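S.K.: My questions concern the predicted model and sequence given below.
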Amino acid sequence: MSEIARRSEFPDTRGWIRALPARAASAPAFEPAVSAPAFDPAPTPQETFLRWLTDAVEAGIAEPHAATLSTVDPSGMPDARTLLIKDVTDDGWWFSGDDRSPKGRQLDTAPAAALTVYWRELGRQVRVRGPVLVGPLEVCARDFRERSVFARAVASTGRQSEVLADPAEYDRLVQERLTALEHDPEFVSPHWTAWCVAAGTVEFWQADPGRRHLRHRYRRKGDRWAAEELHP
Ligand SMILES: Cc1cc2nc3c(=O)[nH]c(=O)nc-3n(C[C@H](O)[C@H](O)[C@H](O)COP(=O)(O)O)c2cc1C
């Protein structure tokens, strides 16, 4: 086991945080090799992403489909939160939530976002940026129905991120929704939304122990993808 940097052993917070190990030196090589100037990525970022997601699944990474979604509010103030990627299609990267939530309102006024995935154990990051589109009603409804009954009950009480002034009242409302859903299992919240980041750029980043990190960026050019390597 590597040495643990204990906070109490450092004179100040900065010293402790600076001592935390950055990238594991044992990051696996990007195929065929990180040091190779050229490599053989898939023709589309979706395909490369799904290959990397497969690697993350096979490596046993918990919640390998978790991503950070960044948006901006009407004043231009950025916001970000973790959520789960629900699908990857030719159209882009899909996620879901309530359109009355802060993220929903932000996407309504500024329909663009960035999704960031970090698979620490593999030394890999993916950055997806682009306009955000609201999915068709049937896609939103399918996503809602695929949620557990409890998740549907919570989602349809629908005041996500508002101040919880009365926790007991909230628990009562969720119980009420649970009972209602048992009687009406086909119910779909009209606010539940599947959004798609229609990527304009997608960057794949692979750590290299020698800091010759590999960065491969796809850029959408009409209906095809152009790709380029970036300075680390
Ligand atoms: C691992 C993980 C997965 C999550 N998945 C979702 C999700 O799929 N959809 C969602 O709306 N919130 C999800 N959340 C909760 C969000 O991070 C966030 O708290 C919530 O969406 C409210 O965000 P907002 O106030 O910016 O709208 C998840 C949180 C975590 C930690």
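M.R.: Okay, I see it. Just so it is clear, the model here is predicted, and its values are computed rather than measured.

S.K.: quick one: Gly123 and Pro43, what's the gap?
M.R.: Look at Gly123 and Pro43: by CB to CB, to the nearest Å, they are 24 Å apart. Using the backbone N, CA and C atoms, a C-beta is placed for each residue, glycine as well.

S.K.: got it, and Pro78?
M.R.: Distance, Pro78 to Pro43, using CB to CB: 32 Å.

S.K.: now do Gly130
M.R.: From Gly130 over to Pro43 the distance is 18 Å, taken as CB to CB.

S.K.: ok, these two, which is more surrounded?
M.R.: Set side by side, Gly130 and Pro43 show more neighbours around Gly130, with 20 against 11, by other CB atoms under 10 Å.

S.K.: Need the phi and psi values for that one.
M.R.: phi 170, psi 180 (degrees, to the nearest 10).

S.K.: swap in Gly92?
M.R.: Dihedral pair for Gly92: phi 150, psi -150, per degrees, to the nearest 10.

S.K.: next SSE after the least confident helix or strand in the chain by mean pLDDT?
M.R.: One helix or strand of the chain scores below all others by mean pLDDT, DSSP states H and E: helix 13-19, with a mean of 88. Downstream of helix 13-19, the next assigned helix or strand under DSSP states H and E is helix 45-58.

S.K.: Can you tell me which helices and strands that following helix packs against?
M.R.: strand 87-89, strand 112-119, strand 124-134, strand 201-206, strand 214-221 (3 or more CB pairs under 8 Å, 6 or more residues apart in numbering; DSSP states H and E).
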